[in-house]
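1. this one's structure only:
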């Protein structure tokens, strides 16, 4: 019985080899894909998303000066005070639709599926993940262009090596830079004018390295450690020291060159920049925020980021994964944000 089984098994293997099968063609427990850590992306973390019904519309901006003025007066006998007036203005948003399409060759995928490789055994799932990565990279690039650069915020400070004047500061890594005192002063300036205390700080990669190695930060953090439990300068530790709800690092990357060119990997956000803002946990009609992301559900299904799958023409044995997003990222309260250039 065993001999008959061995002979049948051998014949099966020989037949498979004659058709081009090769043993161990793929490792079944690994694959390599340079997907980015989701925590590296900042666009969906910094400012709240406002779902909107229309791709283009307007919103109200009420006068801070009128609201903050003391309009309460002594009531005259048999008379009344003048009615309080709060003036308003309007601004607009426009959500355009961005798209990415990935092709899948059904015939070429047959070998991969039969190899039972966990990472690539379902090419459709892999393509959806690639499309998601593309959308997230695109959103971070749009976010950086709209929010994280020198020139878009009226309140901008600039780092210098020495002798700061006006809206200048000693670079983050210098021992003469006191980050706790500096950010306390800047937060107080925003609170006085914008009536909200800044609660988030976004840092470029070089800015974060310089700040975490600042001698004043190291002295404060390292004093809490011990031989068995040495202190580490973490984002949470720096956030607590500086009085922010969250400190994040803008560390998403992208290839800046086109197809067929040598790759040029770069950080999406300026590595030497930093952005301090006030933003609420979620969007509200009567709550100010330095910025908002207006999101339009372009397919009418409530999703501002949507994916679809469709077949190619007959005979092509192709199918496609489509990714769509429709957002408008806008500064809506200049007085609730402050940008720092050339921090490191």
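-> Yes, it's here. What you see is a predicted model; the values in this text were computed from it and never measured.

2. who does the helix or strand hosting residue 275 pair up with?
-> In this structure, residue 275 sits in strand 274-277 according to DSSP states H and E. Note on strand 274-277: by DSSP bridges, its sheet partners are strand 200-204 (antiparallel), strand 337-341 (antiparallel).

3. any weak-confidence spans in the stretch 151-300 of the chain?
-> Under the criterion pLDDT under 70, the flagged ranges of the stretch 151-300 of the chain are 223-228.

4. any idea of the pLDDT on residue 14?
-> Predicted confidence (pLDDT) at residue 14: the value is 58.

5. picking up where we left off before, so for residue 274, which of the strands paired with strand 274-277 sits nearest?
-> strand 337-341 (4.1 Å; Cβ to Cβ). The way it works is simple: take the backbone N, C-alpha and C, and place the C-beta from them, glycine included.

6. how far is that closest one from where the chain is centred?
-> 17 Å (Cα atoms, centre = their mean, to the nearest Å).

7. do a quick rundown of the helices in this structure.
-> 2-18, 43-46, 64-68, 109-114, 123-146, 179-194, 205-212, 215-222, 235-242 (DSSP state H).

8. quick check: angle from the last one to helix 205-212?
-> For helix 235-242 against helix 205-212, the angle by axes from the mean of the first three to the mean of the last three Cα atoms, to 10 degrees is 60 degrees.

9. can you give me the buried ones in helix 235-242?
-> Of the residues in helix 235-242, 235, 237-239, 241-242 count as buried by neighbour count, 16 or more other Cβ atoms under 10 Å.

10. and the shortest one, by the same measure?
-> Within helix 43-46, the residues that count as buried by 16+ other Cβ under 10 Å are 43-44, 46.

11. do stretch 167-185 as well
-> The neighbour-count check on stretch 167-185 (16+ other Cβ under 10 Å) flags 169-174, 177-179, 182-183 as buried.

12. just stretch 93-111 next, same as before
-> Of the residues in stretch 93-111, 93, 95, 98, 100, 104, 109 count as buried by neighbour count, 16+ other Cβ under 10 Å.

13. wait, the first one sits on residue 329?
-> By that I understand residue 93. No: contact criterion Cβ atoms under 8 Å: residue 93 and residue 329 do not qualify, at 9.1 Å.

14. between these two, which contacts overlap?
-> residue 294 (Cβ atoms under 8 Å, 6 or more residues apart in numbering).

15. please name the bridge partners of residue 311.
-> On the basis of DSSP bridges, residue 311 is bridged to residue 319.

16. what about it, how many residues nearby?
-> If you count neighbours by other Cβ atoms under 10 Å, residue 311 ends up with 11.

17. which residues are in contact with it?
-> Counting by Cβ under 8 Å, 6+ apart, residue 311 makes contact with 318-320.

18. and it, what's its pLDDT?
-> pLDDT, residue 311: 91.

19. distance of it from residue 42?
-> As for residue 311, its distance to residue 42 is 36 Å (criterion: Cβ to Cβ, to the nearest Å).

20. and residue 338, by the same measure?
-> Counting by Cβ to Cβ, the gap from residue 338 to residue 42 is 17 Å.

21. likewise for residue 265?
-> Separation of residue 265 from residue 42 (Cβ to Cβ): 17 Å.

22. likewise residue 65?
-> 32 Å.

23. which pLDDT value goes with the nearest residue to residue 84 once chain neighbours are set aside?
-> Distances taken as Cβ to Cβ, 6 or more residues apart in numbering place residue 71 nearest to residue 84, at 4.2 Å, with adjacent residues excluded. We have a pLDDT of 90 for residue 71.

24. one more: the one 4 residues further on?
-> With respect to pLDDT, residue 75 has a value of 93.

25. you'd agree it is up against residue 81?
-> Yes: when contacts are counted by Cβ under 8 Å, residue 75 is listed as touching residue 81 (6.1 Å).
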